[in-house]
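> Next comes the sequence, and after it the predicted model I'd like to discuss.
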Amino acid sequence: MVATLIFNGCGGCGRVKRSKDTIENRNSKEDTYNNLSSNSSETTLSRTDDLKATQRNLEDSILNIGAKVFTINEKTGEVVGCPFLKLVGEVDYKYEKIKAENETQKVKAFLPKIEKVWNSLNPERDTNYHEEFPEGDVGSKLGGGIFSPDGNYFITSYAGHGGVTKKLFFFSKEGKLLRKYIFDEWTEATGEFNLDGTFYIVTDTSVGDYWIFTVDGILKKKGNMFSQFKGTSMSAGYCNISKTGKYIVLGSSETHILNNKNELIGKISAWKTFIDEENDKIYCIDYGFIKVYDIKQMKYIYKCNLTNITGTNVEKNTLLLFFKNSKDYYYEISK
């Protein structure tokens with residue numbers, strides 16, 4: 001997705017900041033879950049989950065039938081055998097640093113335009129004082145935000161200590177407040193834009209809640225991944241939505257594909273997904289593989305086994321792959 005973000009509390013002083021989503025982070029969460037004490041009920045649950053995992057693996061192996069194998073050379077980045085992924089070049093971290101610094105300066109220059117309105121929307125900002133935090137509540141100041149990929153909208157939040165947020169604000173590039181959204185309670189929210197930059201997706205993976213907004217702040221969909229798919233053995237991952245909302249994917253270890261009528265139209269296995277709506281394809285990234293899924297055919301059409309992927313990110317139609325003990329590369333997602 002475009003510009004992965006985190007609403008930070010203490011660490012980010014109320015700012016919305018970028019983060020590189022790593023598959024290793026997902027694994028650490030699953031390790032924590034797997035370290036639960038094993039009483040009888042948990043043992044039964046574990047066996048049930050094992051059976052469901054076996055079923056998922058069987059279903060996934062069926063989806064793999066007929067998929068063409070392609071390769072990525074981890075030392076050179078070269079792609080062989082997949083027309084949908086084109087090597088652009090090695091990640092230029094000097095350029096990335098300059099770009100990030102320019103974006104930071106752009107945000108700083110914009111904040112004075114909205115500070116007065118933001119302050120009026122958060123009258124409680126000066127009353128949340130605690131001895132442990134003599135500087136006052138993290139949300140006592142307008143800390144930062146993020147521009148949409150096209151630069152026409154600006155999103156910021158009201159955040160608190162502990163990496164939680166309570167409110168979300170959407171402004172035009174001229175500084176006019178378009179919409180605000182107040183969460184029912186403080187939430188550990190991670191936000192990011194979809195591949196085409198048309199939606200802003202907020203997810204709280206600790207409880208499975210998600211909210212999907214248009215970039216100007218209209219709430220299109222919200223829900224809870226656990227309650228929406230009761231009886232399935234899925235962990236809460238980051239949800240995704242296609243350019244116009246034709247397709248939505250929810251989950252991680254078991255990822256559900258929905259159409260715009262909220263109907264289940266398929267299941268895949270992926271931690272991160274990037275949706276090409278025009279060509280009805282989903283790019284699936286997980287530890288150990290990259291796959292291209294054809295929604296119409298309901299099967300994978302290309303697959304690549306990789307064991308050294310440590311993270312991914314997407315900016316517009318450019319995929320970034322981060323490799324362990326190797327160089328990192330840009331790839332163009334061909335449409």
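Thanks, I have the structure now.

> and residue 121, how many neighbours?
By the criterion of other Cβ atoms under 10 Å, residue 121 has 15 neighbours. Quick note: C-beta positions are derived from backbone N, CA and C, even for glycine.

> okay but it is in contact with residue 167, surely?
Yes: the criterion here is Cβ atoms under 8 Å, and residue 121 meets it with residue 167 at 7.4 Å.

> so what sits against both of these two?
Both residue 121 and residue 167 are contacted by 158, 180, under the criterion Cβ atoms under 8 Å, 6 or more residues apart in numbering.

> Could you report the distance from the residue nearest to residue 308 when sequence neighbours are not counted to residue 88?
In this structure, residue 308 finds its nearest non-sequential neighbour in residue 324, 4.3 Å apart by Cβ to Cβ, 6 or more residues apart in numbering. To residue 88, residue 324 is 21 Å away according to Cβ to Cβ, to the nearest Å.

> average pLDDT across stretch 86-93?
When pLDDT is averaged over stretch 86-93, the result is 91.

> show me the contacts for residue 217.
Residues in contact with residue 217 (Cβ under 8 Å, 6+ apart) are 153, 168-170, 178-181.

> out of those residues, which are buried?
Neighbour-count burial (16 or more other Cβ atoms under 10 Å) applied to the contacts of residue 217 gives 153, 168-170, 178, 180-181.

> Which of these fall within strands?
If you go by DSSP state E, these have 153, 168-170, 178, 180-181 in strands.

> any idea which of those is closest to residue 277?
Closest approach to residue 277 among those (Cβ to Cβ): residue 153, at 20.5 Å.

> Quick one: low-confidence residue ranges for the protein.
For the chain, the stretches with pLDDT under 70 are 1-64, 125-140, 161-162, 229-237, 252-253, 316, 335.

> Give me the most central residue, it.
In the chain, the centroid-proximal residue (Cα atoms, centre = their mean) is residue 238; its distance is 4.7 Å.

> Doesn't that one belong to a helix?
No: read with DSSP: H, G, I helix; E, B strand; the rest coil, residue 238 is coil and lies in no helix.

> wait, what's in contact with residue 198?
Listed by Cβ under 8 Å, 6+ apart, the contact partners of residue 198 are 214-215, 243-244.
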